[in-house]
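Colleague: Next comes the sequence, and after it the predicted model I'd like to discuss.
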Amino acid sequence: KRRVFSGVQPTGKLTLGNYLGAVKRFVDFQRDDCETIYCMVDQHAITAGWPGRAELAEATRAVAAAYIACGLDPDRSILFNQSQVPAHAQLAWVFNCVARIGWANRMTQFKDKAGKNTENASVGLYTYPALMAADILTYHATHVPVGEDQKQHLEFARDTAAKFNNDYGVEGFFPLPEPMIEGAATRIMSLRDGTRKMSKSDPSDMSRINLTDDADTIARKFRKARTDPEPLPDSLKGLDDRPEARNLVNIYAALAETSAEAVISEYAGAQFGAFKPALADLAVAKLSPISAKMDELLQDKAELDRILGRGAQRAAEIAEPIVARTYDIIGFIRSR
Ligand code: AQP
């Protein structure tokens, strides 16, 4: 049986990129041949600054509500916030000692998020990939659905697993996790700039669709989305060098659960004046039930906290024996 793990940072409202690239796909793995473990990575969320106590807790509950509203069933999947399961931090330390500084230096996300003044970035932001490796490996997860931007961090996790197994002479102890990066939505781009990814921490709210945006806001954001003046082409090839047009076609395809080719054949020759409203209608039809369900779930915070507590217990039951075996392999004494 596959063991699937993934996480989302509670650093703001979830975007259409997080939904199509990650959460929607998490739901697809809820099937009999997979065991699914999904996390709000709240410890990762403080690497780029503390948003405030109430804000962090609210964002964590909002991501949990979004998961459930998108179709994750907390009985079928294990759903919890990272900080409630100490195994993540425990293995992160071990992996800080396994991974190499050279690997961390190559991480493009660190460069993007630290900006020019890297001296002033937190050490946590720098060792972010070691904590992410721990998130995955502490469950011996085999498959990790993520967006394209996380590919490099997944490679870091695989390299860390392989180096641990090799250095400590335990071939196969940590399985090398497979990234699952597939479909039309692996990299949804900003609505203002087709060369930047849509991101919840982009200062411009017009650059993204939030899961909680109302119908008017969604329509306005798509109407104002940057595009070129040409109509849609009649083949995918015609989208080369048209990043904004390609992005809107990809979003349509992912929402409609079809391929970009199918969208192009339906809308060949259409002007954006016609395509954008069709896209907005589709997005509203898909997202409004999710945001209504999120609102309902967020009414009962105590129940959400109970769900996360229960998920954390189930997660710890899997993770603790793996940490114990790791400690034994290393030679850390533990009383039994
Ligand atoms: N634009 C995107 N297109 C497709 N997938 C995306 N993901 C993020 N943005 C896009 C995927 O969503 C999951 C959760 O991401 P995260 O919260 O761990 O952080 P991130 O990748 O850094 O996403 P954001 O939205 O850009 O957050 P901030 O602004 O806080 O950094 C991951 O699987 C990611 O690939």
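Modeller: Thanks, I have the structure now. Numbers count the residues shown, from 1 in each chain.
Colleague: Run through the residues that contact the residue of the stretch 51-200 of the chain found nearest the ligand.
Modeller: Closest residue of the stretch 51-200 of the chain to the ligand, Cβ to the nearest ligand atom: residue 147 (2.5 Å). C-betas here are computed from N, CA, C, even on glycine. Residues near residue 147 by Cβ atoms under 8 Å, 6 or more residues apart in numbering: 17-18, 21-22, 181, 185-188, 197.
Colleague: How about residue 167: what's its closest non-neighbour residue?
Modeller: residue 98 (6.7 Å; Cβ to Cβ, 6 or more residues apart in numbering).
Colleague: count of neighbours near the one you found?
Modeller: Residues contacting residue 98 under the criterion other Cβ atoms under 10 Å number 21.
Colleague: Can you give me the buried ones in stretch 50-62?
Modeller: Of all the residues in stretch 50-62, those buried under the rule 16 or more other Cβ atoms under 10 Å are 51, 56-57, 59-62.
Colleague: and those, which of them are in helices?
Modeller: If you go by DSSP state H, the buried residues of stretch 50-62 have 56-57, 59-62 in helices.
Colleague: which parts of the stretch 101-250 of the chain sit against the ligand?
Modeller: Counting by Cβ under 6 Å from any ligand atom, the residues of the stretch 101-250 of the chain close to the ligand are 146-147, 149-150, 185-188, 197-201.
Colleague: Out of those residues, which end up buried?
Modeller: For those, a burial check counting by 16+ other Cβ under 10 Å picks out 146-147, 149-150, 185-188, 197-200.
Colleague: May I ask which two of those residues are separated the most?
Modeller: The span of those, defined through Cβ to Cβ, is set by 186 and 200 at 17.0 Å.
Colleague: and the closest residue to the ligand within the chain, what is it in contact with?
Modeller: Proximity of the chain to the ligand (Cβ to the nearest ligand atom) peaks at residue 21, 2.0 Å away. Residues in contact with residue 21, defined by Cβ under 8 Å, 6+ apart, are 146-148, 185-188.
Colleague: Could I have the CA atoms of stretch 5-23 written out in PDB?
Modeller: Included here for stretch 5-23 are C-alpha records, laid out as PDB according to Å, rounded to 0.1, in the frame of the first residue of the first chain:
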ATOM      1  CA  PHE A   5       2.100  12.500   2.700                       C
ATOM      2  CA  SER A   6       1.900  16.200   2.000                       C
ATOM      3  CA  GLY A   7       1.600  19.500   3.800                       C
ATOM      4  CA  VAL A   8       0.600  23.100   3.300                       C
ATOM      5  CA  GLN A   9       1.900  26.100   5.300                       C
ATOM      6  CA  PRO A  10      -0.600  28.100   7.200                       C
ATOM      7  CA  THR A  11       0.900  31.400   6.000                       C
ATOM      8  CA  GLY A  12      -2.300  33.000   4.600                       C
ATOM      9  CA  LYS A  13      -5.400  32.300   2.700                       C
ATOM     10  CA  LEU A  14      -5.100  29.300   0.300                       C
ATOM     11  CA  THR A  15      -4.900  30.300  -3.300                       C
ATOM     12  CA  LEU A  16      -6.200  28.600  -6.400                       C
ATOM     13  CA  GLY A  17      -2.600  27.500  -7.000                       C
ATOM     14  CA  ASN A  18      -2.500  25.700  -3.700                       C
ATOM     15  CA  TYR A  19      -5.900  24.200  -4.400                       C
ATOM     16  CA  LEU A  20      -5.300  22.900  -8.000                       C
ATOM     17  CA  GLY A  21      -1.600  22.100  -7.400                       C
ATOM     18  CA  ALA A  22      -2.000  20.400  -4.100                       C
ATOM     19  CA  VAL A  23      -5.200  20.100  -2.000                       C
END
